[in-house]
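*Asks:* Structure for this input, please:
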Amino acid sequence: MWQRIVCSLTLCLVGLAGTSLANNLAGYEGYTKYTVEHGNENAFRYMVDLQTNDADLDFWLLTRNTSVLTVSPTRKSQFESRLSNLGVSYQVQPLMELMAALQANSTYADEDGEYEECQEADCAESQRPRRRSRRQARGFFSHYPRYNEILSFMSGLASRYPQYCRYESLGRSNEGRHIAALSISLNAKTRSRRVAYIQAAAHGREWITTQTVLYLAYELLSNLRAFQRVLQDVEVFLVPLVNPDGYEYTHTSDRFWRKNRHRYAGHACSGVDINRNFGNHWNYQGASQNLCSEVYSGTAPNSEPETSAVVRYLEFNRNRVKLSLDVHSFGKFIFYPYGYAKNTVPPTVGTLRSVALRAANQIGKYRGTRYTTGTSASILYEASGSLDDFAYGSLGIPLSYTLELPGDEFHVPSSDIIHVCKETFAGFVEFIRHVSLY
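*Replies:* Below you'll find the predicted structure:
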């Protein structure tokens, strides 16, 4: 059975490798990726203004010293002229050249591809089926799965470990897809006193984030004895795909789509940035009311079904949730509140910083990846409406963070997926350890 599964998946990936990227990169011919180094405040403020107000530019990363963005051929000369006037240095790379290189090192799953867990008869306690099952699962972390395959993998884990894992839905997205979740604890039939909540893929294009959270679920359930102390009276609640519509759209139509797929009658532009839609200082800084903007914050706080599904869960469990962790890509950052204002410091900043540093240290032990910790407002720019500010500031969840995974762009080569998953797993476990202190 295992050989049949792998062979059929391989044929599927070979067939799609040449078509999936071609479809979701249509319209990006002639685009250029810019890496801009800006050491002065004027250049930084100019970049922040562009990200917030210029819908024709797509920022991949914006820190106080560096910006990474893509520019269309029609805006290229104007943009470069402005950069020259600001006196900043920059590097360029044709976007399609970059993506072709990444495509050569990546594999993709079919829309209807399914991860096949071993059946009950195959899951006996003998070592051979156990090794086979682990090989099957590890193959899952060598490519980027589609929505249906992700749900199949999640339900497979719940079926294999019914005593420890529960599969459920928080609600439905704009286009009607389930916002699927896994609850993991030492006894799935009782309610633990503490919850560690971890979500990923609020931005559709950040594929690697979903894989890291699914890997966390897989490793915890595969090694329950090793993590009994970590899971003692703690429920790990995972939402690997908060924005399923945006995620699917990046596979079928636009690889760099960020927002959800909310459509507005009479408007050509669509989508809301879920990471600007949470109801804490909504639309205060670093967000836009321009429908076409990448950071459009929506019509009201928590206006989106994806956001409101998360909010409902957190509000209902606010007395149990002690950790809120929102996984994004990319930059190698661990952020804690507050993000809406640079000079606003939370009262427990010492604890927040200490836990972030411990998690960063654990991540670095795998292969030396170095994370920067702090508030997003101080390291990047002021931005309101994020989950970490909402969880901490509005619900009082004591440990609230945003994790920005490593990489130089959103598309991590398939060969590196497992390594990002493994190093991030160590950080996840360190965060979860601290839940027992509350």
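
*Asks:* Could I get the full set of helices for this protein?
*Replies:* 2-17, 20-24, 41-53, 76-86, 95-103, 127-140, 147-160, 207-222, 244-252, 305-316, 349-367, 376-379, 387-389, 414-433 (DSSP state H).

*Asks:* what mean pLDDT does the third one have?
*Replies:* Averaged over helix 41-53, pLDDT sits at 90.

*Asks:* Buried ones in that helix, by neighbour count?
*Replies:* 43-44, 46-48, 50-52 (16 or more other C-beta atoms under 10 Å). Using the backbone N, CA and C atoms, a C-beta is placed for each residue, glycine as well.

*Asks:* any chance of these in JSON lines, plus distance to Thr63?
*Replies:* Below are the buried residues of helix 41-53 laid out as JSON lines (distance: C-beta to C-beta, whole Å):
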{"residue": "Ala43", "distance to Thr63": "12"}
{"residue": "Phe44", "distance to Thr63": "9"}
{"residue": "Tyr46", "distance to Thr63": "14"}
{"residue": "Met47", "distance to Thr63": "9"}
{"residue": "Val48", "distance to Thr63": "11"}
{"residue": "Leu50", "distance to Thr63": "14"}
{"residue": "Gln51", "distance to Thr63": "12"}
{"residue": "Thr52", "distance to Thr63": "15"}
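
*Asks:* Tell me the one among those nearest to Lys76.
*Replies:* Among the buried residues of helix 41-53, Leu50 lies closest to Lys76 (C-beta to C-beta), at 14.0 Å.

*Asks:* gap between the closest one and Val36?
*Replies:* 10 Å (C-beta to C-beta, to the nearest Å).

*Asks:* How about Glu382?
*Replies:* 19 Å.

*Asks:* repeat for Ser81
*Replies:* Taken as C-beta to C-beta, the span from Ser81 to Val36 is 14 Å.

*Asks:* Compare those two (neighbour count), which wins?
*Replies:* Val36 (21 against 10; other C-beta atoms under 10 Å).

*Asks:* Dig out what the more buried one forms beta bridges with.
*Replies:* Ser67, Tyr90 (DSSP bridges).

*Asks:* C-alpha coordinates for stretch 227-240, CSV please?
*Replies:* Coordinates of the C-alpha atoms in stretch 227-240 are reproduced here as CSV (Å, rounded to 0.1, in the frame of the first residue of the first chain):
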residue,chain,number,x,y,z
PHE,A,227,5.8,14.9,25.8
GLN,A,228,3.6,13.8,28.7
ARG,A,229,5.1,16.5,31.0
VAL,A,230,4.6,19.2,28.4
LEU,A,231,0.9,18.1,27.9
GLN,A,232,0.1,17.6,31.6
ASP,A,233,-3.3,19.4,32.0
VAL,A,234,-2.6,21.3,28.8
GLU,A,235,-4.7,21.2,25.6
VAL,A,236,-2.9,22.1,22.4
PHE,A,237,-5.4,23.6,20.0
LEU,A,238,-4.1,24.0,16.4
VAL,A,239,-5.7,25.8,13.5
PRO,A,240,-3.2,25.2,10.6
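
*Asks:* Can you pull out the residues in contact with it?
*Replies:* The contact list for stretch 227-240 (C-beta atoms under 8 Å, 6 or more residues apart in numbering) reads 150, 154, 170, 179-186, 191-201, 210, 213-214, 216-217, 220, 224, 310, 313, 320-321, 429, 432-433, 435-436.

*Asks:* Give me the neighbour count for His267.
*Replies:* 9.

*Asks:* Chain neighbours aside, what residue packs nearest to it?
*Replies:* Leu291 (5.7 Å; C-beta to C-beta, 6 or more residues apart in numbering).

*Asks:* coming back round to it: give me the buried subset of the contacts of stretch 227-240.
*Replies:* 150, 154, 170, 179-186, 192, 194-201, 210, 213-214, 216-217, 220, 310, 313, 320-321, 429, 432-433, 435-436.

*Asks:* how far away is Ser222 from Asp54?
*Replies:* Taking C-beta to C-beta, one finds Ser222 at 46 Å from Asp54.

*Asks:* Also Pro398?
*Replies:* For Pro398, the distance to Asp54 - C-beta to C-beta - is 38 Å.

*Asks:* do Arg367 as well
*Replies:* 37 Å.

*Asks:* Could you do Val236 as well?
*Replies:* Relative to Asp54, and taking C-beta to C-beta, Val236 is found at 40 Å.

*Asks:* which secondary element of the chain has the worst mean pLDDT?
*Replies:* helix 2-17 (a mean of 35; mean pLDDT, DSSP states H and E).

*Asks:* rewinding a little: so if I had to pick from Val236 and Asp54, which one is more boxed in?
*Replies:* Val236 (27 against 18).
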